[in-house]
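**Student:** Predicted structure and sequence below. I'll ask about it afterward.
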Amino acid sequence: MNEEIYLRPAWRSQWVTMLILLFSIIAYQIINNPWSQLLAPFFIGYLLLKILVVRFSTLYMIGPKGVEKHVGILSQDMTRIEYRHIRGANMRRSITNRFMGLGHITVATSGMDEDVHLSNIKTPQYYVDIIIGRLKNL
């Protein structure tokens, strides 16, 4: 049961951007102003690109030996913490996150300055339990 688990930020964490995108598409269809017809596709494209970059630029991995966070598309930054250095795992959820079933996980280390933050994860308590279970099995 020590397989690698790969996670990405949830799509629903970007609900505000998706709502703005929906209203932009509706406005593009309704408004007949030539300037808005010219500029709206650029704005819609920007919002689509932003949604995809936020989703695919971050990858989390809960592995058999530790927790990793990969950030970046063209250049990547990787942070890895082995279980022997992990002090604990905590979950934080705002009211909006609780409503949407999302949360943030913080993996605290014992000696390093940098903790690993897993943001906008679906069912975060499940993954906190996995990390704590793997810590107990050391």
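**Tutor:** Cool, the structure landed. Numbers count the residues shown, from 1 in each chain.

**Student:** Every contact and neighbour count from this point should use C-alpha atoms.
**Tutor:** Will do.

**Student:** Contacts only, for residue 100.
**Tutor:** residue 12 (CA atoms under 8 Å, 6 or more residues apart in numbering).

**Student:** Next one, pLDDT for it please.
**Tutor:** If you check residue 100, the pLDDT there is 92.

**Student:** Residue 89 in helix, strand or coil?
**Tutor:** strand (DSSP: H, G, I helix; E, B strand; the rest coil).

**Student:** For it, list the residues it contacts.
**Tutor:** Residues counted as contacts of residue 89 (CA under 8 Å, 6+ apart) are 105-108, 128, 131-132.

**Student:** cool, residue 92 as well?
**Tutor:** Here residue 92 is in contact with 103-106 (criterion: CA under 8 Å, 6+ apart).

**Student:** quick one: which of these has the most company?
**Tutor:** residue 103 (24 neighbours; other CA atoms under 10 Å).

**Student:** other SSEs contacting whichever strand or helix holds that residue?
**Tutor:** Following DSSP states H and E, one finds residue 103 within strand 102-109. Where contact means 3 or more CA pairs under 8 Å, 6 or more residues apart in numbering; DSSP states H and E, strand 102-109 is packed against strand 86-92, strand 116-122, helix 124-136.

**Student:** Just tell me which of those ends up closest to residue 14.
**Tutor:** strand 116-122 (9.3 Å; CA to CA).

**Student:** From start to finish, how long is stretch 49-64 in a straight line?
**Tutor:** This stretch, stretch 49-64, spans 33 Å end to end (CA to CA, to the nearest Å).
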